[in-house]
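starting from these lines, generate the structure:
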Amino acid sequence: MSGAGKKVADVAFKAGRTIDWEGMAKLLVSDEARKEFATLRRAFDEVNTQLQTKFSKEPEPIDWEYYRKGIGSRLVDMYKQAYDVKIPQYVDNVTPQYKPKFDALLVELKEAEQKSLKESERLEKEIVDVQELKMKLSTMTADEYFAKHPELKKKFDDEIRNDYWGY
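Numbers count the residues shown, from 1 in each chain. Presented below is the predicted three-dimensional model:
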């Protein structure tokens, strides 16, 4: 079997195992959709079976001598030459170049994710504090507010001490 044919058969087989047919069937509401879905599944299974049976076998070798006797050697040799073309195998030179860059980006992504999660936690806490402050704002005294925010108390005390009233 050719490498490409075997790959197609393998991919189709794996796809058939990973499709959640029952889960998709549950999403259908009309009888017509269920019928169409059943037709699609049957067609998929038929194609998948064909790929597994036809393309998983090596093709039988051609008996060139048999055709030489019946058709003539010149035409058969021409077809044999065209048939015997060797297709070069793909050699992946790109992945080794970009794999380290990709891995570095994944590490960077994980670090950014951790920073993002920490920032999200901080913002969640800040939201809780602001909501708490909003609830208490109408009954809170300046001393209670400054106890939570000592940097603002220091700033106001400095302004008063320096006789700066903002105008």
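
please count neighbours and contacts with C-alpha atoms only from this point.
Fine.

can you give me the helices for this structure?
Shown for the chain, the helices assigned by DSSP state H span residues 3-18, 21-26, 31-54, 64-70, 73-83, 95-136, 142-148, 150-161.

show me what the second one is packed up against.
Translated: helix 21-26. In terms of contacts (3 or more C-alpha pairs under 8 Å, 6 or more residues apart in numbering; DSSP states H and E), helix 21-26 is packed against helix 31-54.

residues of the helix it packs on that come out buried?
Within helix 31-54, the residues that qualify as buried by neighbour count (16 or more other C-alpha atoms under 10 Å) are Arg34, Phe37, Asn48, Leu51, Gln52.

look up the closest residue to the second one, ignoring the ones flanking it.
In this case it means Phe37. The shortest distance from Phe37 to any residue other than its chain neighbours is 7.4 Å, reached at Ala25 (C-alpha to C-alpha, 6 or more residues apart in numbering).

quick one: find the helix or strand in the protein with the lowest mean pLDDT.
Taking mean pLDDT, DSSP states H and E as the measure, helix 3-18 is the helix or strand of the chain with the lowest mean score, a mean of 59.
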